[in-house]
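Q: heads up, no residue letters with this:
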RNA sequence: GUGGGCGUUGCCCAGAGGCUUAAGGCGCCAGGUUGUGGCCCUGGAGAUCGAGGGUUCGAAUCCCUCCGUCCACCCCA
């Protein structure tokens, strides 16, 4: 038993799990290329200021969930807690506004948040995210929701719902927040302690409190849709039109708000039909002011991100079959020291010809070698012993139908190719 | 940060103060007569019973502290 374990909320992804990971990663990449997204990789850590400015000083993430430390030069560094701000930073840093807009980028990278781990929630988790920067048209919102939907569907996660809302923009949100505040102020006696706090800090989040009494209140709370400015209203209704056009089964949810400050207009989430606690598989929204807040010129943008651990959790729950990872094609068994040398040479020769091969490497019985070949899942076993050495042949056994034949040593390569 | 459940070999788990030299299953290793896998049979290795302290003649078993883990809240992927 080792004394040092992986830090709390982190996990090793062992070989037995890798088929799931490869499946999801591969499908994510394929989907992105279908929609014209290109991969970007940003550093695991950034200057802390990026997240404070990007994500929002008052958000839970920035307030208490960041892994922040000073490096040796005294610069405050933070392990990326989310993927959007770094991508926007890269967009600005590399002058991507000079590329054809929108710039469509995707990433598959770990994110770090200091919080209590539980089902589907970790201190390090992997996010697959996409960002389309430089376009305000609601058809882009529809396209990104369509892409996320096809991605989940293609993986095999069919029982999902799409929640949709619009939380307005800088113009119309203030009046909505005022309406919310005045409504909730009348009912402070029925609010839970956390919500009393929210009333001044982040009134939007009053809407998605899960406490029963607060949910009751939320039912007759003012709706953001009643407070949208004309621009936001049009954007929202056009988006819904496009979603219908694309046959996407969205559900309007006036209580859907998201925890990061940069969202404007469109917000959406993907949830399993069977709801649980940490159920959101992914979500996203528009962030039309973020680039500007980071020092660029006004640049509308939208993004989507999903948690890979949660996807895999749901793949398992739904019993979805995953394509297995490849196993070596050939196992080379041998008997005796001289045969071993021949086996090593043959293995090298096969590999040079792109045929995957393993040898048994020890000096165990042929039976043991066969057992090992069986567990390692190779399709064939080549056996070399004294007889084969003498006759310049090998035994080639098909492990699936248990057929075996003797073939001349110099014909193996041609046979396997 | 708050509340609850649980920590026995690589994994699943029995045991609930002395009958434990801690049982069983999976997995691993070896063997079941000459150089052949999957099933079956036999044997073997592998555990300071999460850590530290206490109660007791005696603790895996009772008590305390810590740590870890799981579940829920908060928040989010």
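A: In hand now; what should we look at? Values in this document were obtained by computation on a predicted structure and should not be read as measured data. Numbers count the residues shown, from 1 in each chain, chains lettered A, B, ... in the order given.
Q: next, the buried residues of the helix or strand where residue A:340 lies.
A: Assigned by DSSP states H and E, residue A:340 belongs to helix A:337-352. Within helix A:337-352, the residues scored as buried using 16 or more other CB atoms under 10 Å are A:339, A:340, A:342, A:343, A:346, A:347, A:350. Yep, even glycine has a C-beta here, placed from its N, CA and C like the rest.
Q: what mean pLDDT does whichever helix or strand comes after it get?
A: Next helix or strand after helix A:337-352 toward the C-terminus (DSSP H and E): strand A:357-359. Model confidence over strand A:357-359, given as mean pLDDT, is 95.
Q: and what of stretch A:10-17?
A: pLDDT averaged over stretch A:10-17 gives 89.
Q: any idea how far it is from the chain center?
A: When distances are taken as CA atoms, centre = their mean, to the nearest Å, stretch A:10-17 is centred 15 Å away from the chain's centroid.
Q: okay, now the closest residue to residue A:102 other than its chain neighbours: neighbour count?
A: Spatial nearest neighbour of residue A:102, chain neighbours left out: residue A:135 (3.8 Å); criterion: CB to CB, 6 or more residues apart in numbering. Residue A:135 has 18 neighbouring residues, counting by other CB atoms under 10 Å.
Q: residue A:135 contacts residue A:101, doesn't it?
A: Yes: Residue A:135 is within contact range of residue A:101, at 5.8 Å (criterion: CB atoms under 8 Å).
Q: what ranges do the strands span in the stretch 1-150 of chain A?
A: Listed in chain order, the strands of the stretch 1-150 of chain A (DSSP state E, counting those that start in this stretch) span A:38-39, A:45-47, A:67-70, A:76-79, A:103-112, A:124-133.
Q: paired strands for the third one, with orientation please.
A: It refers to strand A:67-70. strand A:76-79 (antiparallel) (DSSP bridges).
Q: and the fifth one, by the same measure?
A: Sheet pairing here is set by DSSP bridges, and for strand A:103-112 it gives strand A:38-39 (parallel), strand A:124-133 (antiparallel).
Q: report the buried residues of that strand.
A: Quick answer for strand A:103-112 (16+ other CB under 10 Å): A:103, A:104, A:105, A:106, A:107, A:108, A:109, A:111, A:112.
Q: ok, and of those, which contact RNA strand B?
A: residue A:111 (CB under 7 Å from any atom of the strand).
Q: now pLDDT too, for the buried residues of strand A:103-112, in CSV please.
A: CSV is the format used below for the buried residues of strand A:103-112 (pLDDT from 0 to 100):
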residue, pLDDT
A:103, 97
A:104, 98
A:105, 98
A:106, 98
A:107, 97
A:108, 96
A:109, 95
A:111, 94
A:112, 93
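Q: identify, from the buried residues of strand A:103-112, the entry nearest to residue A:120.
A: Set against residue A:120, the nearest of the buried residues of strand A:103-112 by CB to CB is residue A:111 (13.8 Å).
Q: beta-bridge partners for that closest one, please?
A: Assigned bridge partners for residue A:111, using DSSP bridges, are residue A:125.
Q: please enumerate the strands of the stretch 201-350 of chain A.
A: Assigned by DSSP E, counting those that start in this stretch, the stretch 201-350 of chain A shows strands spanning A:250-252, A:264-272, A:282-286, A:301-307, A:330-334.
Q: what about whichever residue of the stretch 1-150 of chain A sits closest to RNA strand B, how many residues close to it?
A: Nearest residue of the stretch 1-150 of chain A to RNA strand B (CB to the nearest atom of the strand) works out as residue A:119 at 3.0 Å. Using other CB under 10 Å as the criterion, residue A:119 is surrounded by 11 other residues.
Q: which residues are in contact with whatever residue of chain A ends up closest to RNA strand B?
A: Here chain A gets closest to RNA strand B at one residue, residue A:259, 0.6 Å apart by CB to the nearest atom of the strand. Residues in contact with residue A:259 (CB atoms under 8 Å, 6 or more residues apart in numbering) are A:59, A:60, A:61, A:205.
Q: separation between it and residue A:285?
A: Between residue A:259 and residue A:285 the distance is 11 Å, computed by CB to CB, to the nearest Å.
Q: for residue A:145, same thing?
A: 10 Å.
Q: please enumerate the shared neighbours of these two.
A: Jointly contacting residue A:145 and residue A:285 under the rule CB under 8 Å, 6+ apart are residue A:268.
Q: the more surrounded of those two?
A: residue A:285 (27 against 24).
Q: before we move on, the earlier item: as a whole number, average confidence for the helix holding residue A:340?
A: Here the average pLDDT along helix A:337-352 is 95.
Q: gap between that helix and the chain center?
A: 42 Å.
Q: do the same with stretch A:14-27
A: For stretch A:14-27, the distance to the chain centre is 12 Å (CA atoms, centre = their mean).
Q: next, the buried residues of that stretch.
A: Applying 16+ other CB under 10 Å to stretch A:14-27 flags A:20, A:21, A:23, A:24, A:27 as buried.
Q: and those, which is closest to residue A:158?
A: residue A:27 (14.4 Å).
Q: any idea how far residue A:411 is from the closest one?
A: Counting by CB to CB, the gap from residue A:27 to residue A:411 is 40 Å.
Q: what's the answer for residue A:378, then?
A: Where residue A:411 is concerned, residue A:378 sits at a distance of 20 Å (CB to CB).
Q: same deal with residue A:78?
A: In terms of CB to CB, residue A:78 sits 61 Å off from residue A:411.
Q: and the two? Which one has more around it.
A: For residue A:78 versus residue A:411, neighbours defined as other CB under 10 Å are more numerous around residue A:78 (19 against 12).
Q: OK, contacts around the more buried one?
A: Residue A:78 touches A:45, A:46, A:47, A:48, A:50, A:51, A:66, A:67, A:68, counting by CB under 8 Å, 6+ apart.
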